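*Asks:* I would like to see how this sequence folds:
(2 chains)
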Amino acid sequence: MSAPRGAVATPATLPVWTAAADAIDLLKRNPITLAGAAVIVVIALVGLAAPAIAPYDPLTTNPADALRPPGAGHLMGTDEFGEDIWSRVLWGARIDLAIALGAVVVALVLGCVIGAVAGFWGGWIDEVAMRSMDVLQAFPSFILAMGIAAALGPNLRNLILAIALINVAVYARLMRARLLVVKHALYATAARGAGNPPWRVLLVHLMPNCLTPIFVQSSLQSGWAILTAAGLSFIGLGVRIPEPEWGVMVAIGVARITVGAWWVSFYPGLCIALAVMGFNLIGDGLQDLLDPQRR
Amino acid sequence: MTLVTFVLTRVLPGSPIDQIASPMSTPAQRHALMVHYGLDRPLWEQYATYILGIGRGDLGTSFTTSQPVARDLERFFPATLELTTAAIVIATVIGVPLGLCGAVRRGSWVDHLVRIVAVVGVALPIFWLSLVLIYLMFYRWHLLPAPIGRLSPRITPPRVITGLLLIDSLLGRDGVAFADAAGHLLLPVTVLAFAAVAPLARITRTSTLDVLSSPHVQATRALGIPWRSIVWKYAFRNAMLPVLTMLAIVYGFLLGGSVLVETLFAWPGLGRYAFNAISGNDYPAVQGFILYATLIYIAIFILVDVLYAVLDPRVQT
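*Replies:* So this is what the prediction gives:
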């Protein structure tokens, strides 16, 4: 607490707040990033409101209404079980955003802790931690995710874990690299000199100053998490039929595409693409903000 | 690495015995099968046997196909190699010039195109893009053969030389087989290439921009060397280094993507083999696939490192 806050060049206020202020400023100036943010906000709101606005129950089958093309009554048509695709797409927003959020938070927390510990204490801890991260990254990521998801068993929680695990290394590296830079900053030495125990210096003084690149990464990773989750669910290693997850919904339509029922797969897939694009646009915008040279 | 794949597959839920044994079999028969496949021994012993086997090029025997996994993988590898290689070649031929043009003419329509491709290309799920294209090209417009396998059933496959149908049919001067194989390749390759163009164009653009603003290029400009030869003689080579790394990363991505695309196109390659193995709790096959794909991935990274040493005099071995 006795760190001389005003006296150092690096601002010791939480960079999160300055980043938030900058982000709002960026949104005003950059319409493409704003569009990305708008897409994500809309999907999030739709996901939250799904129970209220979906016209049908997403899991109610109705064989009499199977494979209806889009039109009156069923905005996006029905699948082979007669489930209303529009309602399922709305519910899907909830599941897919939850997966993205869950996977990113788990990976971020694990990765930050590993990276911070490795960077702060160094030595053999650093060696072991970083070599493990090397091993994780030696696998092609989707294939490793497949392996983990298959090993843990196909369900929502394990899907989130699998996607999180393959991303831990990214966060660990970012955190470690930043930490090595700030470790010897004046304010850290000051905090140490004031008698703070090491864990406190790390947690309170150093880690908050390493978070900005990690938040940028999180936005990009969220889009990627949705894509991976949908891919894994598509091959039966994630969320299972009949849950209204977008990847599963695309999978349901596979058998019907060659008889012309395009709508079963088309709309859920479009939602995946929109969500991923939204997250990527936000991530790109934030990255430009951090690195003016890239503009 | 082998330990990771081994532990991963051993904790797979469900027992492979359920897949091999008939539902009617008695517990005694099931136990005999367990003993036959060595599944009754402790995990560490199974692992030791497995590692010793790898040393001899033996990846175990698949529970479902009853063939040695190594031979299965070898048999399915050419189909995947043909698919991913064609995709990465096409993606490079399109993506690198696109990124280069975008960087050299910053703010032009090419530059905007690159940015749009970069955003859209990574966002479209490849399994969905495959379905959309199958619907349009096969169902709607009847432009391409049914999306099943590498050749139509009525075509006699060319004699196997490399296992790559395009090359084999060319070597055998078989125009019909070549056209048919190309027709079957077109859609899955387009889908994979589309996803790969985005990261390649993007990294080319960024790295060219970086190089063009670097001191050594600025110095050549100050010396009055024509812009064209600056770009080609001085900037291009340096800008290609990060692109090489990206190529390796993209290849790993394509190996993963091949699981999705091969499943959809009934493509008899590694990806579909892995998909079937996972659905059938076939440990040795899943392990073999993950190991094989990772080895290919690492081999490509080593190749890239070697190329780095060739291209960049600063890298000394």
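*Asks:* only C-alpha atoms from now on, for both contacts and neighbour counts.
*Replies:* Will do.
*Asks:* burial of the closest residue to chain B within the stretch 101-250 of chain A, as a residue count?
*Replies:* In the stretch 101-250 of chain A, the residue that lies nearest chain B is A:Ala151 (4.1 Å; C-alpha to the nearest C-alpha). Per other C-alpha atoms under 10 Å in any protein chain shown, the neighbour tally for A:Ala151 reads 23.
*Asks:* ok, A:Arg131 next?
*Replies:* By other C-alpha under 10 Å, the residues close to A:Arg131 number 12.
*Asks:* can you check the one 4 residues further on too?
*Replies:* Applying other C-alpha under 10 Å, we find 12 other residues in the vicinity of A:Val135.
*Asks:* may I have the helix or strand containing it exported as PDB, CA atoms only?
*Replies:* A:Val135 belongs to helix A:123-138 when assigned by DSSP states H and E. These are the backbone C-alpha positions of helix A:123-138, laid out as PDB (Å, rounded to 0.1, in the frame of the first residue of the first chain):
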ATOM      1  CA  GLY A 123      14.700 -20.700 -12.100                       C
ATOM      2  CA  TRP A 124      13.500 -24.300 -12.400                       C
ATOM      3  CA  ILE A 125       9.900 -23.300 -11.900                       C
ATOM      4  CA  ASP A 126      10.100 -21.200 -15.000                       C
ATOM      5  CA  GLU A 127      11.800 -24.000 -16.900                       C
ATOM      6  CA  VAL A 128       9.200 -26.600 -16.000                       C
ATOM      7  CA  ALA A 129       6.200 -24.300 -16.600                       C
ATOM      8  CA  MET A 130       7.400 -23.000 -19.900                       C
ATOM      9  CA  ARG A 131       8.600 -26.400 -21.200                       C
ATOM     10  CA  SER A 132       5.100 -27.800 -20.400                       C
ATOM     11  CA  MET A 133       3.600 -24.900 -22.400                       C
ATOM     12  CA  ASP A 134       5.900 -25.900 -25.300                       C
ATOM     13  CA  VAL A 135       4.600 -29.400 -25.200                       C
ATOM     14  CA  LEU A 136       1.000 -28.100 -25.200                       C
ATOM     15  CA  GLN A 137       1.800 -25.900 -28.200                       C
ATOM     16  CA  ALA A 138       3.600 -28.700 -30.100                       C
END
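*Asks:* now it, how far from the centre of its chain.
*Replies:* With C-alpha atoms, centre = their mean, to the nearest Å as the basis, helix A:123-138 stands 23 Å off its chain's centre.
*Asks:* okay, the residue of the stretch 101-250 of chain A closest to chain B: pLDDT?
*Replies:* Here the pLDDT value assigned to A:Ala151 is 77.
*Asks:* how about B:Phe289?
*Replies:* For B:Phe289, the pLDDT comes out at 86.
*Asks:* correct me, but A:Met130 touches A:Val117?
*Replies:* No - using C-alpha atoms under 8 Å, A:Met130 makes no contact with A:Val117, being 10.7 Å away.
*Asks:* next, see if the helix or strand hosting A:Arg256 gets close to chain B.
*Replies:* Taking DSSP H and E as the criterion, A:Arg256 maps to helix A:246-257. Yes - interface with chain B: helix A:246-257 contributes A:250, A:254, A:257 (C-alpha under 8 Å from any C-alpha of the partner chain).
*Asks:* how far is the helix or strand that that helix is followed by from where the chain is centred?
*Replies:* Remark: after helix A:246-257, the chain's next helix or strand is helix A:263-290, criterion DSSP H and E. With C-alpha atoms, centre = their mean as the basis, helix A:263-290 stands 11 Å off its chain's centre.
*Asks:* pull out the buried residues from helix A:263-290.
*Replies:* Residues A:263-287, A:289 are the ones in helix A:263-290 that count as buried (16 or more other C-alpha atoms under 10 Å in any protein chain shown).
*Asks:* tell me the mean pLDDT over that helix?
*Replies:* On average, helix A:263-290 scores 87.
*Asks:* check stretch B:118-137 too.
*Replies:* Stretch B:118-137 comes out at a mean pLDDT of 87.
*Asks:* repeat for stretch A:116-134
*Replies:* What stretch A:116-134 shows for mean pLDDT is 88.
*Asks:* touching chain B at all, that stretch?
*Replies:* No - Stretch A:116-134 does not reach chain B (C-alpha under 8 Å from any C-alpha); its nearest approach is 9.8 Å.
*Asks:* buried ones in that stretch?
*Replies:* Under 16+ other C-alpha under 10 Å, the buried positions of stretch A:116-134 are A:116-120, A:126, A:129-130, A:133.
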